[in-house]
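In: everything below, folded, please.
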Amino acid sequence: MAITIDEIKKLKDLTGVGLTDAKAALVEANGDFDKALEAMRKKGMTKAEKRGEREARQGLVDAYVHSSRIGAMVEVNCETDFVARTDDFKTLTHDIAMHVSATAPLYISVEDIPAEVREKKKAELVEEAKASGKPADIAEKMVEGQIKKYFAEKTLLEQPFIKNPDITVDEYVKQHISRLGENIVVRQMQRIELGVSE
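Out: As a prediction, this is how the structure comes out:
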């Protein structure tokens, strides 16, 4: 399988490694991007993930309002005030606020989904699968994929990024972690829509 320079750059941006390491990982994975990324994670080569362990208490609160009808406010944290003042970080924060305004996610990350909410949805989907005549073991397997997909659509970091649907919001944040050299965390989000109450 041919390896393109775009794939090498994308892997480089997501992991923070050099072009040579990114290309080598893709060659080793026979051009399979996901396999190369997973291999680099296992080797601990992704700098973004190492940075994820560092404390992020600086940052910005930003808001985005669309047509005076929908608004979103987010808190995005980084490690230093210096990075918080960069145009790159300001753009990231504003883009996330715009994304929240457009897609109305309910949770920031998968870890934020309460167990009882997950279990309730699972029970609903299992009942639907059984009602359609599927055997219990097949219903369980089907439901696992459906749950993942259902909550991915409602979770900010799992959603396709509105400005570039080829990557998730999480990947967009990781690109900035690699570029800016600091841990970045989306801490809070709030969305308001005219005439709609939670």
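
In: for the chain, what spans make up the helices?
Out: Using DSSP state H, the helices assigned to the chain run over residues 5-15, 19-28, 33-42, 47-51, 81-84, 87-103, 115-131, 136-154, 169-180.

In: starting at the chain centroid, how far to the third one?
Out: Here the centre of mass of C-alpha atoms in helix 33-42, compared against the chain's by C-alpha atoms, centre = their mean, to the nearest Å, lies 17 Å away.

In: which ones are touching Ala84?
Out: For Ala84, the contacting residues are 58-60, 78, by C-beta atoms under 8 Å, 6 or more residues apart in numbering. (Each C-beta comes from the backbone N, C-alpha and C, glycine too.)

In: ignore what I typed, I meant Glu38.
Out: So Glu38 contacts nothing (C-beta under 8 Å, 6+ apart).

In: return the distance of it relative to Ala29.
Out: Remark: distance between Glu38 and Ala29 (C-beta to C-beta, to the nearest Å) = 8 Å.

In: ditto for Met73
Out: Distance of Met73 to Ala29, given as C-beta to C-beta: 40 Å.

In: quick one: low-confidence ranges for this structure?
Out: For the chain, applying pLDDT under 70 flags the ranges 1, 15-17, 41-54, 198.

In: against Pro160, how distant is the closest residue to Phe89 other than its chain neighbours?
Out: Nearest residue to Phe89, sequence neighbours excluded (C-beta to C-beta, 6 or more residues apart in numbering): Val83, at 5.5 Å. Going from Val83 to Pro160 by C-beta to C-beta gives 26 Å.

In: neighbours of the nearest residue to Ile167 once chain neighbours are set aside, how many?
Out: Spatial nearest neighbour of Ile167, chain neighbours left out: Phe161 (5.4 Å); criterion: C-beta to C-beta, 6+ apart. Neighbour count for Phe161, taken as other C-beta atoms under 10 Å: 20.

In: how's the chain carved up into domains?
Out: Per automatic domain parsing, the structural domains of the chain span 5-45, 58-108+155-193, 114-154.

In: out of those domains, deepest packed?
Out: Mean neighbour count (mean count of other C-beta atoms under 10 Å) peaks for domain 58-108+155-193 among the domains of the chain, with a mean of 18.

In: now the terminal residues of that domain, how far apart.
Out: Terminal residues of domain 58-108+155-193 lie 28 Å apart, using C-alpha to C-alpha, to the nearest Å.
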